[in-house]
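Undergrad: Have a look; sequence and predicted model below, questions after that.
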Amino acid sequence: MTPDGYCLPPRLQIEARVASPPEKASFSCEFFPPKSDDARDRFWETLDTLAALGPSFVTMTYGAGGSTRDWTLEMAIAMQERTGVPAAAHLTFVGTPRDELMTLADMLWGNGIRHVVALRGDMPPDLSWPLAPDPDYFQYTSDFVMALKERHDFDISVGAYPEKHPDAPSLSADIAALKLKCDSGATRAITQFFFENDAYFRFLELARAQGIQTPIVPGLLPIGDFSKIAAFAARCETHVPDALSAGFERLSPEETGPYATEILNCQVRGLLSGGVDHVHFYTLNKADTLADTIKACFPVKERL
């Protein structure tokens with residue numbers, strides 16, 4: 001069963017079916033902090049499985065609202081020490097004083113973490129966007145990026161939104177904000193997940209037209225429970241194609257796993273065929289579907 005090329009721009013559908021992995025194509029993986037002892041054991045198993053396939057880097061995100069910040073930083077350090085894969089820690093600035101964030105940056109640098117994913121973060125109930133100016137707090141991600149870069153020579157990733165951030169007034173305003181982040185010192189932008197490659201390629205073209213030359217890495221989300229993924233996509237204002245929904249609706253539970261793998265393979269191959277040389281995966285701390293895709297689509301060089 002195939003996804004009928006739904007996720008590919010028409011010009012790429014044929015190439016995606018025959019393309020071999022580019023020799024220089026690479027990937028990276030995002031994880032979130034496990035919440036229980038059992039989840040922690042499964043997390044380490046997942047990390048070991050994916051780290052063995054040779055990611056360029058791995059990242060550790062916050063919980064909702066930055067609720068797991070200290071655990072996030074500890075886990076990023078532990079991931080790097082355990083696997084030897086460069087690890088990045090997410091840092092969000094909203095609601096946290098500048099001085100406290102710089103102290104966290106110092107702690108990361110002192111423990112060998114050279115990569116930070118710099119984000120605004122979820123808005124707490126007592127704040128609204130746009131933030132009011134306050135000398136003790138960062139107002140924009142671009143300010144945060146600049147301060148991190150001045151503090152230490154971090155490799156800094158920022159977010160990008162092919163279908164517009166929900167809080168942005170327009171896509172053009174969102175791209176202007178991305179340019180500010182890139183001009184302030186970001187090394188790369190990693191996109192929100194999407195299910196239609198055309199959305200990424202259109203966004204990339206618009207960004208380049210506005211003078212953004214920083215790499216814009218596509219972020220992809222493997223599909224596990226489709227209903228949960230669809231609900232999450234709705235909250236993020238990420239479009240779910242009708243063909244994708246219909247494909248899962250007609251399948252039995254036993255058929256959804258192979259179909260989800262083929263969907264992800266199709267999307268990755270379409271991106272690589274379109275000139276993308278790096279893909280970032282939102283793992284949801286699961287390795288099964290993703291490991292198969294990495295082996296099928298990338299020149300895997302397993303770590304010993």
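TA: Ah, there it is. Owing to the predicted nature of the structure, the values given are computational and were not obtained by experimental measurement.

Undergrad: How about the residue in the protein that sits furthest from its center?
TA: Pro135 (30.2 Å; C-alpha atoms, centre = their mean).

Undergrad: Tell me if that one really is in a helix.
TA: No - counting by DSSP: H, G, I helix; E, B strand; the rest coil, Pro135 is not found in a helix; it is coil.

Undergrad: which residues sit in contact with Gln80?
TA: 58, 86-87, 112-113 (C-beta atoms under 8 Å, 6 or more residues apart in numbering). (Glycine included, C-beta is placed from N, CA and C.)

Undergrad: same question, Ala87
TA: 57-60, 76-77, 79-80, 113, 115.

Undergrad: Give me the local confidence score for the closest residue to it other than its chain neighbours.
TA: What sits nearest to Ala87 in space, not counting adjacent residues and going by C-beta to C-beta, 6 or more residues apart in numbering, is Gln80, at 3.8 Å. Listed pLDDT for Gln80 reads 98.

Undergrad: which of the contacts of Gln80 are buried?
TA: For the contacts of Gln80, a burial check counting by 16 or more other C-beta atoms under 10 Å picks out 58, 86-87, 113.

Undergrad: Just the residues you listed: which are in helices?
TA: Residues of the buried ones among the contacts of Gln80 located in helices (DSSP state H): none.

Undergrad: circling back to that earlier point, the residue farthest from the centre of the chain and Thr92, how far apart?
TA: Taking C-beta to C-beta, to the nearest Å as the measure, Pro135 falls 19 Å from Thr92.

Undergrad: one step back: how close does the residue nearest to Ala87 sit to Leu204?
TA: 30 Å.

Undergrad: Tell me the secondary structure at the residue lying closest to Thr214 once chain neighbours are set aside.
TA: Among residues not flanking Thr214 along the chain, Cys182 sits closest, at 4.0 Å (C-beta to C-beta, 6+ apart). Here Cys182 is helix, with the state taken from three-state DSSP.

Undergrad: Could you verify my assumption that Cys182 touches Gln210?
TA: No - in this structure, Cys182 is not within contact of Gln210 by C-beta atoms under 8 Å, at 10.0 Å.
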